[in-house]
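> can't give you the sequence, but here's the structure:
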């Protein structure tokens with residue numbers, strides 16, 4: 001199962017972003033766009049692998065019916081989540097997409113792509129995507145595919161101690177951490193709760209989905225990052241079979 005974050009515009013909701021912070025938030029659907037790009041190519045390549053693509057698409061806008069800090073929401077698998085910040089919305093949509101895949105698709109592996117955190121940009125800049133994986137073998141296959149495709153990726157650890165910050169007094173989880181730092185890892189730890197032990201990799205492409213200048217693999221603007229990597233990953237999987 002290949003899952004893409006599809007926030008078609010992210011204002012931050014009631015926890016409103018600054019004007020500069022939301023300037024390019026139309027690209028918060030880059031993960032979903034990568035799923036569409038992948039599925040544009042797959043029918044032509046016809047790999048001997050069953051691939052499912054999932055997109056949970058919505059906007060995050062302030063309104064009279066907007067989600068509020070302190071609200072409790074229930075994910076489709078029954079886990080309750082306290083909303084600590086309405087600008088941490090992508091992980092909520094991805095959580096439901098992961099839970100849907102687990103229940104209805106029952107895949108061998110899951111990979112998601114998301115412009116999820118500013119923290120990954122601080123850690124790795126705009127030239128490297130962050131990867132967090134629950135399975136070492138899956139990580140190795142993703143890395144090999146990224147190297148073959150010429151897309152730079154770097155693994156960040158799913159450090160279990162950081163999960164403590166996601167505890168809530170009134171729900172199973174909070175959507176943000178009470179502890180400072182490691183924002184990209186904490187977001188991945190939140191999402192891991194919805195994978196039910198299925199091997200899963202999360203690609204945080206917040207820094208790589210949009211280029212401010214022309215690059216060797218593409219022009220200025222949206223980059224289509226992860227499409228080439230996922231095609232190489234699926235092609236390698238088909239060869240192993």
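Happy to help now that I have it. Worth saying up front: this structure is predicted, and the values here are computed from it rather than measured.
> which residues of the chain fall in strands?
Remark: strands of the chain, listed N- to C-terminal, are 2-10, 53-60, 72-74, 80-82, 110-114, 129-133, 153-155, 173-174, 200-204, 210-211, 221-222; assignment by DSSP state E.
> buried stuff in the first one?
In terms of neighbour count (16 or more other C-beta atoms under 10 Å), strand 2-10 has its buried residues at 2-7, 10. No exception for glycine: its C-beta is placed from N, CA and C like everyone else's.
> Is it correct that residue 138 is in contact with residue 203?
No. Counting by C-beta atoms under 8 Å, residue 138 sits too far from residue 203 to count as a contact (11.5 Å).
> Name the residue in those two with the higher neighbour count.
More neighbours surround residue 203 than the other of residue 138 and residue 203, with 28 against 20 (other C-beta atoms under 10 Å).
> If you tally nearby residues, what's the number for the closest residue to the more buried one other than its chain neighbours?
With C-beta to C-beta, 6 or more residues apart in numbering as the measure, residue 113 is the residue that lies nearest to residue 203, at 4.6 Å, once sequence neighbours are left out. Residues near residue 113, counting by other C-beta under 10 Å, number 29.
> which residues does residue 113 bridge with?
Under the criterion DSSP bridges, residue 113 forms beta bridges with residue 4, residue 203.
> on that earlier part again, which among the buried residues of strand 2-10 gets closest to residue 223?
Closest to residue 223 out of the buried residues of strand 2-10 is residue 4 (14.2 Å), distances taken as C-beta to C-beta.
> What's the per-residue pLDDT of the closest one here?
At residue 4, the model reports a pLDDT of 98.
> Can you check what angle separates the longest helix seen in the chain from strand 2-10?
Here the longest helix in the chain is taken by residue count, with DSSP state H as the criterion, and it is helix 30-45. Our comparison of helix 30-45 with strand 2-10, counting by axes from the mean of the first three to the mean of the last three C-alpha atoms, to 10 degrees, yields an angle of 140 degrees.
> Which elements pack onto helix 30-45?
For helix 30-45, the elements it packs on are strand 2-10, strand 53-60, strand 110-114, helix 227-240, judged by 3 or more C-beta pairs under 8 Å, 6 or more residues apart in numbering; DSSP states H and E.
> Many thanks, we can stop here.
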